[in-house]
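Chemist: this one's sequence-less:
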């Protein structure tokens, strides 16, 4: 029997990247570190992402073989069989399957049964917060209820790691884990049967024993120990693998300064003290003029120095270390400036965007007039290229120790994949957004979420996405992105898992928008269905339907009045019935969401509350004739 087990190139980053357990055709494997990758790899270019992660570059896994033209022995990304403990569904014997037992193209089978049935992997594994993964010591589990001298009397005690007389039994008169047990069929030193047996009722959770400080593809070191508490979980449990993935859009470099910096520069040049400052350079009075300009325009010293150099013809000042140059590695900053530029970047083969709109310029009826006043603009991305890189993974909890993708510590590159797709950029009206943010009720409402975030270990992890201090606009835009993806899944035909979000909600960069884009395109991109939904008049209708759907949740009033739900109480009015998305679609792991900030509630006004009110009044008037 010859079988072919394959993983798609994109899946070698997520969800089956380094350290992940994959079940395929009844067998179970774990992805090895990139130090074991073959030399034949596909380079992936992304200078911005490489600068952010401080690596020399990225490589994708070799392409999937073509059965007709490629060699079957062509090397690919290595996956190691795990768990090593297997059992036979017929005779119930447990077998420790070793590397030397592997036969190319053949699944492991039971040699004790005449029919040679396939062996099944044990469903339980051992993990620790240090990021390690190992087999359960089944021999010790079967003998764990015996005193030490009775365990030592078993004939297989010295080679317990590959005991040959264990069996995985199922009781007829019990259910659940209590019906499963591991039994030792070896003999004692005096020739009597060992007979040690223990059920699996208490197997899940923290257990005794020493963590071997390794993952299955690493060499065993008997002297190594990480000192962390080991936990036994099911091998498909969610806490076995928490990948850490960074992504960046491939945007062209532009010499045009960001719109926010242009506005600040214009404000400095238009200030009454600007000409006096230029005339007083080198004199004590220059400091007073500079202070007046800074107080009125809030422009940083670096911008004023740059404008002075341009006006006088002097050399441009060198920015200090850790100053504005350090922001070049901020992924969201450069992307937002590309979408918000006065003159959009020229289209390329990997980045093509154009301005769109709601098509409501001459509209006089509600709710379209109110909706148009709340939206700043729409940008349609006909073609996008995204690079996703896996830096490492964690186990047991998202706050566990980060294990790098290169467990040997000898590589300066990371595994990555590239995706081509399309997207819609939606921006909010700046003046209305600032006025809404400054409402005391909104500030007090977000203060509670900010306190929960500060108390959570995820505060540092989310700082790059949400900013140093959580702002009301980020929660608003993030929730709006979730609601929009759910609505677009009905209108565009894409599933929610095929769409992703990028939230641009950091006030320090004047961000006030979001990007919804396809996440499952191939090398040729997609067929334009998402961009089509972003054009007029479809998009305005989509937004109205989205707000009407978001105003009610099947879990209301419990969901709408919640003061803390989800992981770490980082959500408010957001649940699976109304707002949450697949984990691969969300930047923050389905946290920092609150539907009330979008549509409003009894405690806090929503940004789109008046749009929703106008829509309801129009619907009521239409129904009454």
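Modeler: Alright, I've got the coordinates. Note that the structure is predicted; figures quoted are calculated from it, not measured.

Chemist: the residue most distant from the middle of the protein, which is it?
Modeler: Most distant from the centre of the chain: residue 190, at 57.3 Å, with distances by C-alpha atoms, centre = their mean.

Chemist: can you confirm residue 489 is in a helix?
Modeler: Yes. Under DSSP: H, G, I helix; E, B strand; the rest coil, residue 489 falls within a helix.

Chemist: Show the model's pLDDT score for the closest residue in space to it that isn't next to it in sequence.
Modeler: Distances taken as C-beta to C-beta, 6 or more residues apart in numbering put residue 496 closest to residue 489, at 4.7 Å, once the chain neighbours are dropped. C-beta: built from backbone N, CA, C; applies to glycine. Looking at residue 496, its pLDDT is 91.

Chemist: how far away is residue 496 from residue 476?
Modeler: Relative to residue 476, residue 496 is positioned 20 Å away (C-beta to C-beta, to the nearest Å).

Chemist: you'd agree the residue farthest from the centre of the chain is up against residue 155?
Modeler: No. Assessed by C-beta atoms under 8 Å, residue 190 is found out of contact with residue 155, at 10.1 Å.

Chemist: quick revisit: between residue 496 and residue 476, who's got more neighbours?
Modeler: A direct count of neighbours by other C-beta atoms under 10 Å for residue 496 and residue 476 places residue 476 higher, at 26 against 17.

Chemist: ok so the more buried one is a helix residue?
Modeler: Yes. Counting by three-state DSSP, residue 476 is found in a helix.

Chemist: Report the contact partners of it.
Modeler: 428, 505, 597, 598, 607 (C-beta atoms under 8 Å, 6 or more residues apart in numbering).

Chemist: mind listing what the spatially most central residue of the chain touches?
Modeler: Nearest to the geometric centre of the chain sits residue 587, at 5.1 Å (C-alpha atoms, centre = their mean). Neighbouring residues of residue 587 by C-beta under 8 Å, 6+ apart: 465, 478, 501, 502, 503.

Chemist: Please enumerate the strands of the stretch 151-300 of the chain.
Modeler: For the stretch 151-300 of the chain, strands defined by DSSP state E, counting those that start in this stretch occupy the ranges 166-170, 180-184, 197-199, 205-207, 230-234, 242-249.

Chemist: Tell me the confidence at residue 187?
Modeler: Value for residue 187, per-residue pLDDT: 90.

Chemist: Could you pull up the residues touching it?
Modeler: Contacts of residue 187 (C-beta under 8 Å, 6+ apart): 155, 193, 194.

Chemist: got a list of what the second one touches?
Modeler: So the one you mean is residue 193. By C-beta under 8 Å, 6+ apart, the contact set of residue 193 is 185, 186, 187.

Chemist: mind running it again at 10 Å?
Modeler: Going by C-beta atoms under 10 Å, 6 or more residues apart in numbering, residue 193 touches 165, 184, 185, 186, 187.

Chemist: What is the nearest of the contacts of residue 587 to residue 437?
Modeler: Ranked by distance to residue 437 (C-beta to C-beta), those are led by residue 478 at 14.3 Å.

Chemist: Residue 272: neighbour count?
Modeler: As a burial measure, residue 272 scores 10 neighbours (other C-beta under 10 Å).

Chemist: I'd assumed residue 296 was in contact with it.
Modeler: Yes. Look at residue 272 against residue 296 with C-beta atoms under 10 Å: they come within range, at 8.8 Å.

Chemist: Between these two, which contacts overlap?
Modeler: Residues touching both residue 272 and residue 296 (C-beta under 10 Å, 6+ apart): there are none.

Chemist: that older thread, point out the one among the strands of the stretch 151-300 of the chain that comes closest to residue 542.
Modeler: Checking those against residue 542 by C-beta to C-beta gives strand 242-249 as the closest, at 22.9 Å.

Chemist: Quickly run through the sheet partners of the closest one, with directions.
Modeler: Looking at strand 242-249 with DSSP bridges, its partner strands are strand 375-394 (antiparallel).

Chemist: name the helices or strands packed onto the next helix or strand along the chain from the strand it pairs with?
Modeler: Using DSSP states H and E, the next helix or strand after strand 375-394 towards the C-terminus is strand 403-404. If you count contacts as 3 or more C-beta pairs under 10 Å, 6 or more residues apart in numbering; DSSP states H and E, strand 403-404 packs onto strand 375-394.

Chemist: Off-centre distance for the strand it packs on?
Modeler: When distances are taken as C-alpha atoms, centre = their mean, to the nearest Å, strand 375-394 is centred 12 Å away from the chain's centroid.

Chemist: Only the buried residues of that strand, if you could.
Modeler: Buried residues in strand 375-394, counting neighbours by 16 or more other C-beta atoms under 10 Å, are found at 375, 377-394.

Chemist: contacting residues for the closest residue to residue 408 other than its chain neighbours?
Modeler: Take residue 408 and drop its neighbours on the chain: the residue closest to it by C-beta to C-beta, 6+ apart is residue 35, 3.9 Å away. Contact analysis of residue 35 by C-beta under 10 Å, 6+ apart lists 18, 78, 217, 218, 405, 406, 407, 408, 409, 410, 411.

Chemist: which residues does the fifth one contact?
Modeler: The reference is to residue 405. Applying C-beta under 10 Å, 6+ apart to residue 405 gives the contacts 13, 17-19, 31, 33-35, 37, 243-244, 389-393, 411, 413-415.

Chemist: Can you give me the neighbour number for the residue nearest to it when sequence neighbours are not counted?
Modeler: Spatial nearest neighbour of residue 405, excluding adjacent residues (C-beta to C-beta, 6+ apart): residue 18 at 4.5 Å. A count of nearby residues for residue 18, using other C-beta under 10 Å, gives 30.
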